[in-house]
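In: kindly return the folded structure for what I paste below:
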Amino acid sequence: MNNFWMVIGLALLPGLGNLAGGMVAEFFRTTPRLLNFALHAASGIVIGVVAIELMPEALKNLAGWWIAASFAAGGAAYIGTETLIEKLKPSQNGGGSTGMWMIYAAVAVDLSGDGLMIGSGTAVGASLAVVLAAGQVLADFPEGYSVAANLKENGVSRRRRIAVSFSFPLYCLGTALLAWFLLRSAPDAAKYVALSFVAGLLSIAAVEDMLEEAHEAASDSRSSALAFVGGFVLFTLVSAGLETVMGTSGGSTGQGGSETQQREKN
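Out: Numbers count the residues shown, from 1 in each chain. Next up is the predicted model:
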């Protein structure tokens, strides 16, 4: 049961990071340029999560064709979800309210992916889950900021905007618990397939949604590129620091997963 409470605690972190970003947008002045920088940094962090944590774990534990298939499935799932959202709420002339709720839906999908990643990571090993949750807190802050700022610009009432911000942690928590319950006793291969699936999902979210929204907020500059690099570097340092504090290394996560299973069996 200790892992159950760990999943809950870690899954709440990305949602709370998103909520914190929304509160900053509520009570401080927002600018398109700041939003552009924040989203570039968030995209760099997400790419860092995929490149530094998710894919190395998959490469050490899965055959290449499994990684390719599950990564492709994750990307296709994200694209399919976006397509469904667009069909349910087709774009209107002038953008308007439909566009801003599309942003909400996209962030909800992204947070659901975060939950899936944290639940899968906890099933593999506690140290991996902690690093993944920390990375997503950093990335979700500017996402929450962007949603609240967008709703604010479209004249949505403060009460409704705050309710929207408070709804985000629920998506991450629900999918994290679902993934953990399904994978905690599953074969190791299934856990790493799930991580590869999430890698595909997050890659599309970073490249298509975050960067596209950043470009719409303000034109790119050299500083935008530096913000992207800074996000990647920041996650790298956070990942290395947490692994040092927790006494783990990149190659120990798989063992952590086995130890977790052994504790659960006992």
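In: now do the helix or strand where residue 42 lies: distance to the chain's middle.
Out: Here residue 42 sits within helix 32-48, counting by DSSP states H and E. Centroid displacement of helix 32-48 relative to its chain, using CA atoms, centre = their mean, to the nearest Å, is 13 Å.
In: quick one: buried residues of the next helix or strand along the chain from that helix?
Out: Once helix 32-48 ends, the next helix or strand along the chain (criterion: DSSP H and E) is helix 55-61. For helix 55-61, the buried set under the neighbour-count rule, 16 or more other CB atoms under 10 Å, comprises 55, 57, 58, 61. The C-beta positions use only the backbone N, C-alpha and C, and glycine is treated the same way.
In: look up the pLDDT of the residue positioned nearest the centre of the chain for me, please.
Out: Most central in the chain under CA atoms, centre = their mean is residue 114, positioned 3.9 Å from the mean C-alpha point. Predicted confidence (pLDDT) at residue 114: the value is 84.
In: that one and residue 189, how far apart?
Out: To residue 189, residue 114 is 23 Å away according to CB to CB, to the nearest Å.
In: shaky segments in the stretch 51-200 of the chain?
Out: Under the criterion pLDDT under 70, the flagged ranges of the stretch 51-200 of the chain are 88-103, 105-106, 154.
In: how about the helices in it?
Out: Per DSSP state H, counting those that start in this stretch, the stretch 51-200 of the chain carries helices over the ranges 55-61, 64-88, 96-124, 126-153, 158-183, 188-204.
In: looking at the ones you listed, which is buried most?
Out: The highest average neighbour count among the helices of the stretch 51-200 of the chain, using mean count of other CB atoms under 10 Å, belongs to helix 126-153 at a mean of 25.
In: which secondary structure elements does that helix contact?
Out: Packing partners of helix 126-153 (3 or more CB pairs under 8 Å, 6 or more residues apart in numbering; DSSP states H and E): helix 2-27, helix 32-48, helix 96-124, helix 158-183, helix 222-245, helix 253-265.
In: and the fifth one, what's its mean pLDDT?
Out: Model confidence over helix 222-245 averages 86 on the pLDDT scale.
In: sort out which residues of that helix are buried, please.
Out: Judged by neighbour count using 16+ other CB under 10 Å, the buried positions of helix 222-245 are 224, 227-228, 230-232, 234-236, 238-239, 242-243.
In: follow-up on the earlier one: residue 29 is nearest to which of the helices of the stretch 51-200 of the chain?
Out: Ranking the helices of the stretch 51-200 of the chain by distance to residue 29, with CB to CB as the measure, places helix 126-153 first at 9.9 Å.
In: ok, residue 6 - how many residues close by?
Out: Applying other CB atoms under 10 Å, we find 18 residues neighbouring residue 6.
In: alright, calling it a day.
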